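**Q** I'd like to go over a predicted model; first the sequence, then the structure.
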Amino acid sequence: MSSETPGAHMDLAGVLTGIRRMAPLSLFVVVFGLAFGVAALSRGLSGLEALMMSALVFAGASQFAALELWGDEIPLLPLIATTFAINARHLLMGAAIQPWLAHLPPTQRYGSLVLMSDSNWAMAAADRQNGETNVGMLVGGGIALWLTWVLGTLLGVIFGSGIEEPQRFGLDVIMGCFLLAMLVGGRRDLSMLLPWTAAALAALAAMTWLPMHSHVIVGALAGGVAGLLFPAREEREATA
């Protein structure tokens, strides 16, 4: 596939398709949102503050990390560094789908990124790899995730109790399983194992020897470099 996707467009049908496809996973997001609402109240945030954080930040891992640093005196610099380290992957995620969005008007191009998260990005990246041109699925998937995240937070705020440790029920692996499913459903090429292996090994090394959360960006960079140095078979044959 070429680096760009000519004819890429966004319409209501694509948005509705994205909402429908992301709906099953969004049900689990409600549980995470509920847990965040409960945890936020326990850390001293008001119900309105918890809801505003979920609605405006829309980054579950970063929000939970921020709660760990929350208190009477908030360490601003560590808070900024932690949230940046967790969300730095979005720099690479945005760059990966930039060729797909390049043909859209600026308002659609940049507006669609506001709702980008791991799950709808993975769905969009897999769709682009399969030749899909309707970018509305990225937006629709993001809308579904955002609505259920805010709804879950609201439920946690209202009831004041819930699942505070979702990992006890295996719910913390739902996102990872979804991303793995997107990978398995993508291009079947053994050469893809090299960048993924490089990313995994680099991430494991970073988890062992580098500061917390740095493994996300280290693994992504390692995989990207490996992909650049050893392109997929189709690309090698095209340049031969």
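**A** Looks like it came in fine.
**Q** any weak-confidence spans in this structure?
**A** Applying pLDDT under 70 to the chain flags the ranges 1-7, 161-191, 213, 231-240.
**Q** got the domain ranges for it?
**A** Domain segmentation of the chain under automatic domain parsing yields 12-186, 189-240.
**Q** now do the last one: distance to the chain's middle.
**A** How far domain 189-240 lies from its chain's middle: 18 Å, per CA atoms, centre = their mean, to the nearest Å.
**Q** what's the closest non-adjacent residue to N120?
**A** In this structure, N120 finds its nearest non-sequential neighbour in G141, 3.1 Å apart by CB to CB, 6 or more residues apart in numbering. For every residue, glycine as well, the C-beta is placed using N, CA and C.
**Q** take the domains of the chain and lay them out in JSON lines including mean neighbour count.
**A** JSON lines is the format used below for the domains of the chain (neighbours: other CB atoms under 10 Å):
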{"stretch": "domain 12-186", "mean neighbour count": "17"}
{"stretch": "domain 189-240", "mean neighbour count": "15"}
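**Q** who are the contact partners of the residue nearest to N120?
**A** Residues near G141 by CB atoms under 8 Å, 6 or more residues apart in numbering: 18-19, 21-22, 115, 119-120, 123-124.
**Q** one more: G60?
**A** 29, 32-33, 36, 149 are the contacts of G60 under CB under 8 Å, 6+ apart.
**Q** thinking again about what came up before, between the contacts of G141, which is nearest R89?
**A** S119 (12.9 Å; CB to CB).
**Q** which helices and strands sit right next to the strand or helix carrying that closest one?
**A** Assigned by DSSP states H and E, S119 belongs to helix 118-129. Applying 3 or more CB pairs under 8 Å, 6 or more residues apart in numbering; DSSP states H and E, we find helix 118-129 packed against helix 12-42, helix 89-101, helix 136-159, helix 174-184.
**Q** right, and the helix or strand after the last one?
**A** Moving toward the C-terminus from helix 174-184, the next helix or strand (DSSP H and E) is helix 193-209.
**Q** that following helix packs against which elements?
**A** helix 214-229.
**Q** what residues does the helix it packs on touch?
**A** With CB under 8 Å, 6+ apart as the test, helix 214-229 has contacts from 85-86, 88-89, 91-92, 194-207, 210.
**Q** chain neighbours aside, what residue packs nearest to A124?
**A** Using CB to CB, 6+ apart, the closest residue to A124 is L138 (4.0 Å).
**Q** surely the one you found and M93 touch.
**A** No - taking CB atoms under 8 Å as the definition, L138 is not a contact partner of M93, at 10.9 Å.
**Q** now for the two: what residues contact both?
**A** Contacts common to L138 and M93, judged by CB under 8 Å, 6+ apart, are 116, 121.
**Q** can you pull the contacts of the closest residue to P75 other than its chain neighbours?
**A** Distances taken as CB to CB, 6+ apart put L69 closest to P75, at 5.8 Å, once the chain neighbours are dropped. Neighbouring residues of L69 by CB under 8 Å, 6+ apart: 75, 78-79, 82.
**Q** perfect, that will be all.
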